[in-house]
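Novice: build me a structure from this.
(one chain, ligands or ions: 1)
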Amino acid sequence: MPTITFILKDGSRQTIDAEIGDNIMQVATFNSVPGIDGACGGFCSCATCHVYVESAHQLPAIAEDEETMLQGTAAERNKKASRLTCQIIMTDALDGLVLRIPERQ
Ligand code: FES
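Specialist: Residues are numbered from 1 along each chain as shown. Below is the predicted model of the structure:
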C-alpha cells in the first residue's frame, strides 16, 4: 500500500498508509493527522486541509475552484507548494508523497 509522510508543525513526521482512491484529506483525518481538519468535508470551501508539497511528485493540476480557495482563504499560501489535500486523489504514483502542515490554517 502506498504511503504519505506528513511533516507536523513540531517538525516530527507521521507516515501513514493511504488507500488508493481516497482523497488525501480523508487519509489524514481518518488517521488523526494533527493540523488537517477538513471542516467542509472535502467540498473545497474551507482550506483547513491546506499543505505544502515537499516532494517532487507530479500532482494533478490545480482546478479553478481550488485556486480560488487558496487565494482567498489559505493562510500563509506558498505559490509553488500549496495544495488543498481534499482535491488530490491518492494513486500508486503518489507513493512516498511528503506534505508539510502549515503553522496555521
Ligand atoms: S476540506 Fe475544505 S477545502 Fe479541503
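
Novice: up against the ligand, what does this structure have?
Specialist: Residues of the chain found near the ligand (C-beta under 6 Å from any ligand atom) are 25, 38-40, 42, 44-49, 69, 84, 86. C-beta coordinates here come from the backbone N, C-alpha and C atoms, glycine included.

Novice: and the residues you listed, which are buried?
Specialist: Those of those that meet the buried threshold are 25, 38, 40, 42, 44, 46-49, 69, 84, 86, by 16 or more other C-beta atoms under 10 Å.

Novice: ok, back up a step: any chance of the residues of the chain next to the ligand in TSV, plus pLDDT?
Specialist: Shown next, in TSV, are the residues of the chain next to the ligand (pLDDT from 0 to 100):
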residue	pLDDT
M25	98
G38	96
A39	96
C40	96
G42	96
C44	95
S45	94
C46	93
A47	93
T48	95
C49	96
M69	92
L84	97
C86	98
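
Novice: next secondary structure element downstream of the biggest helix by length in the chain?
Specialist: Identified as the longest helix of the chain according to DSSP state H is helix 64-72. Proceeding N to C from helix 64-72, the next assigned helix or strand is strand 82-84, under DSSP states H and E.

Novice: partners of the next helix or strand after that following strand in the sheet?
Specialist: Per DSSP H and E, the first helix or strand lying C-terminal to strand 82-84 is strand 97-100. Using DSSP bridges, strand 97-100 pairs in its sheet with strand 3-7 (parallel), strand 50-53 (antiparallel).
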